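In: below is the sequence, then the predicted model.
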Amino acid sequence: MPFQHQRRGAPPPKRALVATISAVSLFILALFALAQLSSTPAEGKFAARFQNAEHADNPFLSRSRAAAAGDKYLIGVGKADITGPVVEINFAGYANTEQIGSGLRQRIYARSFIIGEVGTDNRFVYLILDAMCGDTAVRNGILEGLAAMGSGYSMYGQSNVAVVGTHSHSGPGGWFNYLLPQITSLGFDHQGYQAIVDGALLSVKRAHDSLQEGYLDFGTTHISEANINRSPYSYLANPESERVQYTDNVDKTLTLLRFQRASDNKNIGVLTWFPVHPTSMLGNNTHVTGDNKGLAAYLFEQSVKGNDQAADGFVAGFSQANVGDTTPNILGAWCEDGSGQECDFQTSTCADGKSQSCHGRGPFFRKLDLGVTSCFDIASKQFSGAKELYDSFDSKSTAVAGSSVRSFHYFQDMQYYKFPLDNGTEVQTCPAALGYSFAAGTSDWPGAFDFTQGDEGAPNNPLWQVVAGLLRVPSAEQKKCQGQKPILLDVGEMDLPYAWSANIVDVQSFRVGQFIIVISPSEASTMAGRRWRNAVKAAASESSITGDHEPFVVLGGPANSYAHYVTTPEEYNVQRYEGASTLYGPWELPAYINLTLRGLPYLNEAASDSPPPGPTPPDNREKSLSFITGVVLDAAPAGKSFGAVITQPAASSARGSVVSTTFVGANPRNNLRLEGTFAAVEKLGSDGETWTQVLSDNDWRLVYSWKRTNFVLGHSEVTIAWETGDEDAAGTYRIKYYGDSKPLIGDITAFTGTTDAFTLT
Ligand SMILES: *[C@@H]1O[C@H](CO)[C@@H](O)[C@H](O)[C@H]1NC(C)=O
Ligand SMILES: *[C@@H]1O[C@H](CO)[C@@H](O)[C@H](O)[C@H]1NC(C)=O
Ligand SMILES: *[C@@H]1O[C@H](CO)[C@@H](O)[C@H](O)[C@H]1NC(C)=O
């Protein structure tokens, strides 16, 4: 069922609130009921370095000399489909129970980048998922899969695989290890989980198979108008002496690392970091996409197809950085209550004292198209900034140099971890907890509960307080430890029926030459990310880990396990959403820095051992509850067959219009068609008989939607809409639908549907 957004028009907030709370509390009660039952375990062939004298007559090859000034590494890239169920599953990110998939605008991917030393097994894998975050369940699945792939893959493991989410808010959820983020998706979804794990493994395999000798170089560029700070009030809590060192209250720098193979100096991929929330697609979007990061990657990959400098199989990774307080809604946060006012600077509330009507505005927010145009704009700014840099790279880049590739990883229990601040004062971190402002959500999508940002005391809503009180009353020690945070959800002290949130986090960093990558399990705020990077850079310089080369540090996350946010202690004390979501208390950031620095010696060239592994986090994959029901039945209405066309496209359409067609459909959860497609546009060749596929459901402008029309009889319809444009050639086309139907008893069967031919003029 397509969902009706309740906040449209004049919303009855009480009804929405009660509905959401009762849905959540019903689920929680059901969990506790079930907890009573026993939980069932559910090369180097072309080694010669490129010489300046060679190919002096070839403009493409001669442009590639900058990278060749660096050292040689093993490099490999790979990409694979991870698109889980696109319908009937709640989306991850907004924690909006009503945001349930209804189709697909763009497939989502895992992109693996492997960097290794020539001649040794020292390597690391930077694996980007078009997903909300890296996660313990998914990472465990990937590590088990790698172990099962045999001795050829034995160099990949706990220490050197980073699973980094783009932080997209428009893909299926249900694959989380911990209970809290499972709540809105009604538990664990094995199908979607497996799609991510299998795709991630395939991407590593492809990257591994493509390993060859090559060069790396990096550079930076300024991206304007793609991000702003959504919590500037918190940012202002940082000392002025620190703020004046920066021109903006978000980082506007995009860093690009280029992968260039030695054999013919073609580029095999780029890996970029830039902080912006992939919340361009709003909390009421129900089509799967990679949001602005996935779309930027798609645009880059499309742009180099057939280009002389780019190798076949080129992969562009758009990774997240210190994303915490950033937003792509660059026009600011406004009260959609008819007042025409901006939301309150301190609390992000509107005239009614609540945050519900406070919405961030993307560059094209007036277009009622679910954020699609704003998403395209923010993606294009990242893509074109990266592409311009890439195109001028040879005169601007810095070569990665220093022969060693190192990584370290260990687990750290954050419950009462004691360590000294720089001034010697001993402080500690705490079991995970979320503050009241967590429930308020952000201006990217306000929370469903009646809380306001920076709420110091009791929430305005007594019902939620009762539910929260039922869950767990924080211990006195926990309350004291969490300082300024009024605890709403004491998740770190709740493990019934299994752990609600991570207390044990992954501490991990990578180094190739002077290039250091800090992997964060939390979404670092702008200033938190700067402090963390600066501390690592200073320590790396001091200990000469990068030899003669100045260290260059990037931060990627949220990765490996989802540990919500990390702000500076000053921002924490303001307790807006990001501070309230800083799980481990006021000293989380200094602790993360301490833990990274503790591991830094393992990035030394001389280091050959690894840190002690630390405590193993709970693995909830087999004990996770699930209220997600499977597909029962598909059937075609009497006299029709699956794939029959219900509505033909118009016989002729002008470019720029939307060509739409409807078929007798079946549930796409029957077969995810990974590495395949549910929809295609085919063009008729000049011979008048050969059809060639020109677009698939990976393409942003081809939108697949599925709708159950009769639940009892199992009828459904699929609509495929092609948003045509100037980039499409005039000609004769047809649209194809690929489906799979499930009878009540028997096997799932594939079918296709094909429209009549039509012309595009
Ligand atoms: C989605 O939410 C935005 C922001 O509130 C609103 O402008 C838009 O109309 C909504 N779309 C739908 C289909 O409800
Ligand atoms: C980190 O904290 C530990 C105590 O837990 C301390 O011994 C160590 O010196 C600290 N490291 C740094 C680099 O601050
Ligand atoms: C050290 O710094 C912390 C945080 O700014 C502060 O709370 C503490 O009082 C300082 N300790 C000393 C001895 O200055």
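Out: Sure, I can see it. Ligands and ions are numbered 1, 2, ... in the order given.

In: put the alpha carbons of stretch 505-517 into PDB.
Out: Output of stretch 505-517 as PDB, limited to C-alpha atoms (Å, rounded to 0.1, in the frame of the first residue of the first chain):
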ATOM      1  CA  VAL A 505      33.200  -0.600  19.200                       C
ATOM      2  CA  ASP A 506      35.700  -1.300  16.400                       C
ATOM      3  CA  VAL A 507      38.900   0.800  16.600                       C
ATOM      4  CA  GLN A 508      40.500   0.700  13.200                       C
ATOM      5  CA  SER A 509      42.900   2.700  10.900                       C
ATOM      6  CA  PHE A 510      44.700   2.100   7.700                       C
ATOM      7  CA  ARG A 511      47.900   3.600   6.200                       C
ATOM      8  CA  VAL A 512      49.400   3.600   2.700                       C
ATOM      9  CA  GLY A 513      52.500   5.700   2.500                       C
ATOM     10  CA  GLN A 514      51.700   9.100   4.000                       C
ATOM     11  CA  PHE A 515      47.900   8.600   3.500                       C
ATOM     12  CA  ILE A 516      46.100   7.600   6.800                       C
ATOM     13  CA  ILE A 517      42.500   6.600   7.000                       C
END
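
In: count the neighbours of the closest residue to E426 other than its chain neighbours for me.
Out: The shortest distance from E426 to any non-neighbouring residue, by C-beta to C-beta, 6 or more residues apart in numbering, is to P420 (5.3 Å). For every residue, glycine as well, the C-beta is placed using N, CA and C. Using other C-beta atoms under 10 Å, the number of residues around P420 comes to 11.

In: and the residue of the stretch 601-750 of the chain closest to ligand 3?
Out: Of all residues in the stretch 601-750 of the chain, P601 sits closest to ligand 3, at 25.3 Å by C-beta to the nearest ligand atom.

In: show me the contacts for that residue.
Out: By C-beta atoms under 8 Å, 6 or more residues apart in numbering, P601 lies in contact with 543, 607.

In: look up how far S151 lies from I128.
Out: According to C-beta to C-beta, to the nearest Å, I128 stands 26 Å off from S151.

In: more crowded one of these two?
Out: The neighbour count for I128 versus S151, taken as other C-beta under 10 Å, is higher for I128 (32 against 6).

In: which SS state does the more buried one fall under?
Out: Here I128 is strand, with the state taken from DSSP: H, G, I helix; E, B strand; the rest coil.

In: now it, which residues is it bridged with?
Out: R111, V164 (DSSP bridges).

In: and if you look at C358?
Out: Applying DSSP bridges to C358 gives these bridge partners: C335.

In: could I get the contacting residues of it?
Out: By C-beta under 8 Å, 6+ apart, the neighbours of C358 are 333-336, 343, 348-350, 443, 446.

In: of those - the most surrounded one?
Out: P446 (30 neighbours).

In: got the contact list for the closest residue to G441 other than its chain neighbours?
Out: For G441, ignoring the flanking residues on the chain, the nearest one in space by C-beta to C-beta, 6+ apart is G447 at 3.1 Å. Going by C-beta under 8 Å, 6+ apart, G447 touches 95, 355, 438-441.

In: out of those residues, which is nearest to G362?
Out: G441 (16.6 Å; C-beta to C-beta).

In: and the closest one, how far is that from ligand 2?
Out: As judged by C-beta to the nearest ligand atom, to the nearest Å, G441 and ligand 2 stand 34 Å apart.

In: re the thing from before, as a markdown table, the contacts of C358 with pLDDT and distance to ligand 3 would be great.
Out: Formatted as a markdown table, those follow (pLDDT from 0 to 100; distance: C-beta to the nearest ligand atom, whole Å):
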| residue | pLDDT | distance to ligand 3 |
| --- | --- | --- |
| A333 | 95 | 30 |
| W334 | 94 | 36 |
| C335 | 94 | 36 |
| E336 | 91 | 39 |
| C343 | 95 | 30 |
| S348 | 92 | 27 |
| T349 | 92 | 30 |
| C350 | 93 | 35 |
| S443 | 87 | 29 |
| P446 | 83 | 33 |
